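A.B. asks: this is the structure alone, sequence omitted:
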Ligand SMILES: [Zn+2]
């Protein structure tokens, strides 16, 4: 599994097999993660406050995405600013949890290195 596929499918960054998030998805706790990868033992929160970095990634990615959507609506579709923002609000509401989960997944993939043999040498500390 390549890194992009692993990020999008919320797989463990070290072995790319274990799941990062608990299933099924719960609205009460959308970011509920396993404490460790079930396959290689990688901690999903390596240190306290680890996911503050994900917040900045999320800000950058969504900033460019939302600007592109607004720009497309105004310049290509010739919509008014109000119509464009209304569409953007709907889009943000629909993709909010997906974005939050994706940015956490992206962040841990940036920090934790892939190890193809991780399954055979599980982490315990
Ligand atoms: Zn793993």
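C.D. replies: Sure thing, it's come through. Remember, it's a predicted structure, so these values are computed and weren't measured experimentally.

A.B. asks: could you say which helix or strand holds residue 110?
C.D. replies: With elements taken from DSSP states H and E, the one containing residue 110 is helix 81-111.

A.B. asks: does any bit of that helix sit next to the ion?
C.D. replies: No - applying CB under 5 Å from the ion, one finds that helix 81-111 is not in contact with the ion, the shortest distance being 10.6 Å. (Each C-beta comes from the backbone N, C-alpha and C, glycine too.)

A.B. asks: now do the strands in this protein.
C.D. replies: Assignment of strands within the chain using DSSP state E yields no ranges at all.

A.B. asks: list the buried residues in the helix holding residue 110.
C.D. replies: Counting neighbours by 16 or more other CB atoms under 10 Å, one finds that the buried residues in helix 81-111 are 84-85, 87-88, 100-109.

A.B. asks: rebuild the residues you listed as a markdown table, extending it with pLDDT.
C.D. replies: Putting the buried residues of helix 81-111 into a markdown table (pLDDT from 0 to 100) gives the following:
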| residue | pLDDT |
| --- | --- |
| 84 | 97 |
| 85 | 97 |
| 87 | 97 |
| 88 | 97 |
| 100 | 91 |
| 101 | 94 |
| 102 | 93 |
| 103 | 94 |
| 104 | 95 |
| 105 | 96 |
| 106 | 95 |
| 107 | 96 |
| 108 | 96 |
| 109 | 97 |
